[in-house]
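Engineer: sharing a model that was predicted from the sequence below.
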Protein chains: 2
Amino acid sequence: MRTRLCELFGIDVPVFAFSYRREVVAAVSRAGGMGVLGALQFSPEQLEEELCWLDAHVEGRPYGVDVVMPTRYEGAERGGLSKDALELLIPEGHRRYVEEVLARYEVPGLPPEVLSHESLLGWSEAAGRSQVAVALQHPIRLIANALGTPPRDVVDEAHRRGVQVVALVGTAAHARKQAEAGVDVVVAVGTEAGGHTGEIGTMVLVPEVVDAVHPIPVLAAGGIGRGRQIAAALALGAEGVWTGSLWLGVEEAHLNPVLRDKLLAATSSDTVRSRSMSGKPARQLKTAWTEAWDGAESPGPLPMPLQFMLTADAVTRMHHHAGTAGSRAHELLGSPVGQIVGSLREVRPVRAVLESLEAEFRESVLRVLETGGTGEHHPDSARRAATGTRRGSE
Amino acid sequence: MRTRLCELFGIDVPVFAFSYRREVVAAVSRAGGMGVLGALQFSPEQLEEELCWLDAHVEGRPYGVDVVMPTRYEGAERGGLSKDALELLIPEGHRRYVEEVLARYEVPGLPPEVLSHESLLGWSEAAGRSQVAVALQHPIRLIANALGTPPRDVVDEAHRRGVQVVALVGTAAHARKQAEAGVDVVVAVGTEAGGHTGEIGTMVLVPEVVDAVHPIPVLAAGGIGRGRQIAAALALGAEGVWTGSLWLGVEEAHLNPVLRDKLLAATSSDTVRSRSMSGKPARQLKTAWTEAWDGAESPGPLPMPLQFMLTADAVTRMHHHAGTAGSRAHELLGSPVGQIVGSLREVRPVRAVLESLEAEFRESVLRVLETGGTGEHHPDSARRAATGTRRGSE
């Protein structure tokens, strides 16, 4: 499973793992992959704290940070509005609808000791920039940007510090723009992916993006939850994989147990691309909440970042009350997750997940080689080529 | 590229090619793949004629037939209604809407010498059954059924005649039902595919279906238009590929030139899953016609088979007038097609397309083997294993 990205980043396997949990990020990096911390939910001060923790726990292995600097969002043309100015753009009818849905599912308010999620978070270029400034003070190896082209000065500053810039795209046309903006690695995000995602399937998108940005290396994202899918991604021309959903249910993630059980029980048919989370289409678990926003009685989701601001409190209440007797909050509770949720079946530690990815990858390469050959089996050459993927075992 | 399906069907490469054009079917079979004729648009008498032509033109190579026996359609619970009875179920408002849209795009009626498409076609179990009866009188090697589980007696009769039964599915649950019904090969149809398709991407669906029906062989469909995608499909555990869109623009298809140029110009973002064609979601070129049915002013598509009956004449008119001066029929004109439409860039003969699939497949296997290995390149063993995929070159 070694590609030139292993050399570029100093990793053993080209598996990039996105997570909001520092424990997951650190465990992936220590196990030879590339942990990437999602910064969206952290204030600059909180992010500083998270990264100090990571520096102390990655044992010198490389890790990265993912920020959101959307190119298009409400107020962008006015240089980004203040939180107060944005709050004024949220219609009263939408606020009432949120409360109606919560009341219907008997979700109480929060006890005073529970803090609500910060409701604006990183959904603006300004917020993204302050996160970048914090991140670049740490020994990170990559900085990733979703939802648009990173500003040129951010790319240049990262490069000055030896940090690789990674961009996520859903079409070949966007990939070409990112290449022009000077990014070092492009992630082709197929529609199967959790979170913000387009409509083109990974199978179609990856070769298109590879051809569009050649020789810039491409990671495949969307539908990558098993070793067979990593082998397929490499066959399509990717040089590694970008994963997220896979790590939601690991031991180190310490997920809300109600949500964890919902994820473990879900099939690949149980996700939906919905604007209910952020205002832009994002794949997530299909729940009573997504149905409330996508259904006929919905007032319609608001544009980014208003929808997230509108619903942040509500989401905190669902999480808090998912196990509360008499409440049906668990029916509303969801998570961004990709279609590979159907293959999440047990809670395991990060290292065990990575090991099984590698084992299934090797089996898959052997099988392709056998079917890809002359019709005769080539067990010896195939086995020699497919084994020993880690430095330590060479 | 050889798998056990090559032995089972007597083919050189496990590439199954669906087409409504007998010339394409024959050319694929003669070139070493498996041509499969879509029977939907033919009456039993026409199908008989098509299959006689094929018998005379496949040079003894295997070919197959694809019928539609939907499990669920309007009138199914009453044993299938007559065409006249079904016509009565179409609301007048829908008929008016069709004429309004055609008038808006200045599409004239048909001249008297042009026959309209038969408007009911094979969209019922009864129609499917009479097609099966015709097909089984010919030396076909497979019979495929979309949209549901084939009736047990059809499966048994096919088996008595040595014909393999192939079923198309969009979820692992449906695949299990097909396996119980006794089918021999399951096609896992990812959302990328043209025509009737579900929501699960090929990357996620194929491993799920492979595991669900093991040891029944699985073909991957949806997003298969290049050799890299065939290699990826095999990495996912498929033993071959089922293709369709790829063959729309070949020389032998003699497609309407206006439609052919639209397909060659389209990108992977230019398709949509719409109910406008058959009443069930089917991926097709995004056109003014799909927008007219999916938009706010649409009366909403009718259930199968009414939507097809409602629009059959209109579609014939679009095709006929696509090049008529003063008409904007070309804006309405579309076709079922998958997301790989973005990689259709030129009109080539079938044989050239198959050869380039094989060449790119070999390159892809070599590349996976190199990245899948120890970090060192294994050009000799890889090349030995990946070349000579055809019988003739062994």
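Structural biologist: Structure received. Numbers count the residues shown, from 1 in each chain, chains lettered A, B, ... in the order given.
Engineer: so for the closest residue to chain B within the stretch 1-150 of chain A, what's the pLDDT?
Structural biologist: Nearest to chain B in the stretch 1-150 of chain A, going by Cβ to the nearest Cβ, is residue A:2, at a distance of 4.1 Å. The C-beta positions use only the backbone N, C-alpha and C, and glycine is treated the same way. Looking at residue A:2, its pLDDT reads 90.
Engineer: tell me which stretches of the stretch 101-250 of chain A form strands.
Structural biologist: A:142-146, A:164-169, A:185-189, A:195-196, A:218-221, A:240-243 (DSSP state E, counting those that start in this stretch).
Engineer: of the ones you listed, which is nearest residue A:17?
Structural biologist: When those are compared by Cβ to Cβ, strand A:240-243 sits nearest residue A:17, at 5.4 Å.
Engineer: in that closest one, what's buried?
Structural biologist: A:240-243 (16 or more other Cβ atoms under 10 Å in any protein chain shown).
Engineer: who wins for proximity to residue A:66 among the strands of the stretch 101-250 of chain A?
Structural biologist: strand A:142-146 (4.2 Å).
Engineer: contacts for that closest one?
Structural biologist: A:9, A:18, A:34, A:36, A:62, A:64-70, A:128, A:132, A:135-136, A:154, A:158, A:163-168, A:184-185, A:187, A:195-196 (Cβ atoms under 8 Å, 6 or more residues apart in numbering or on different chains).
Engineer: pLDDT on it, on average?
Structural biologist: 89.
Engineer: partners of that strand, with directions?
Structural biologist: strand A:63-68 (parallel), strand A:164-169 (parallel) (DSSP bridges).
Engineer: export the last one to PDB, keeping only CA atoms.
Structural biologist: Spelled out, that is strand A:164-169. C-alpha atoms of strand A:164-169 as PDB (Å, rounded to 0.1, in the frame of the first residue of the first chain):
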ATOM      1  CA  GLN A 164       1.400  20.500   2.400                       C
ATOM      2  CA  VAL A 165      -1.900  22.000   1.300                       C
ATOM      3  CA  VAL A 166      -4.700  19.600   0.600                       C
ATOM      4  CA  ALA A 167      -8.000  20.500  -1.000                       C
ATOM      5  CA  LEU A 168     -11.300  18.600  -1.300                       C
ATOM      6  CA  VAL A 169     -13.300  18.700  -4.500                       C
END
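Engineer: got the angle for that strand vs strand A:185-189?
Structural biologist: Using axes from the mean of the first three to the mean of the last three Cα atoms, to 10 degrees, the interaxial angle of strand A:164-169 with respect to strand A:185-189 works out to 20 degrees.
Engineer: what lies in contact with strand A:164-169?
Structural biologist: Identification of contacts with strand A:164-169 by Cβ under 8 Å, 6+ apart yields A:8-9, A:16, A:64, A:141-147, A:149-150, A:154-155, A:158-159, A:175, A:178, A:181-189, A:196, A:209, A:219, A:221, A:242.
Engineer: show me which residues of the stretch 1-150 of chain A sit near chain B.
Structural biologist: Counting by Cβ under 8 Å from any Cβ of the partner chain, the residues of the stretch 1-150 of chain A lying close to chain B are A:1-3, A:6.
Engineer: so where does residue A:320 fall, helix or strand?
Structural biologist: Using DSSP states H and E, residue A:320 sits within helix A:306-321.
Engineer: count the residues that sit near the closest residue to residue A:274 other than its chain neighbours.
Structural biologist: Excluding its sequence neighbours, the residue lying closest to residue A:274 (Cβ to Cβ, 6 or more residues apart in numbering or on different chains) is residue A:290, at 4.4 Å. Neighbour count of residue A:290, defined by other Cβ atoms under 10 Å in any protein chain shown: 22.
Engineer: before we move on, what about residue A:214?
Structural biologist: Count around residue A:214 with other Cβ under 10 Å applied: 11.
Engineer: next: the one 4 residues further on.
Structural biologist: For residue A:218, the tally of surrounding residues (other Cβ under 10 Å) stands at 30.
Engineer: quick one, what contacts it?
Structural biologist: A:175, A:185-188, A:206, A:209-210, A:237-239.
Engineer: same for chain B: which of those are within range?
Structural biologist: Within the contacts of residue A:218, those near chain B by Cβ under 8 Å from any Cβ are A:237, A:239.
Engineer: can you redo the contacts of residue A:218 as JSON lines with neighbour count?
Structural biologist: Converted to JSON lines, the contacts of residue A:218 look like this (neighbours: other Cβ atoms under 10 Å in any protein chain shown):
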{"residue": "A:175", "neighbour count": "26"}
{"residue": "A:185", "neighbour count": "23"}
{"residue": "A:186", "neighbour count": "26"}
{"residue": "A:187", "neighbour count": "27"}
{"residue": "A:188", "neighbour count": "34"}
{"residue": "A:206", "neighbour count": "31"}
{"residue": "A:209", "neighbour count": "33"}
{"residue": "A:210", "neighbour count": "23"}
{"residue": "A:237", "neighbour count": "25"}
{"residue": "A:238", "neighbour count": "30"}
{"residue": "A:239", "neighbour count": "22"}
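Engineer: for the contacts of residue A:218, which one is nearest chain B?
Structural biologist: For these, with chain B as the reference and Cβ to the nearest Cβ as the criterion, the closest is residue A:237, at 5.9 Å.
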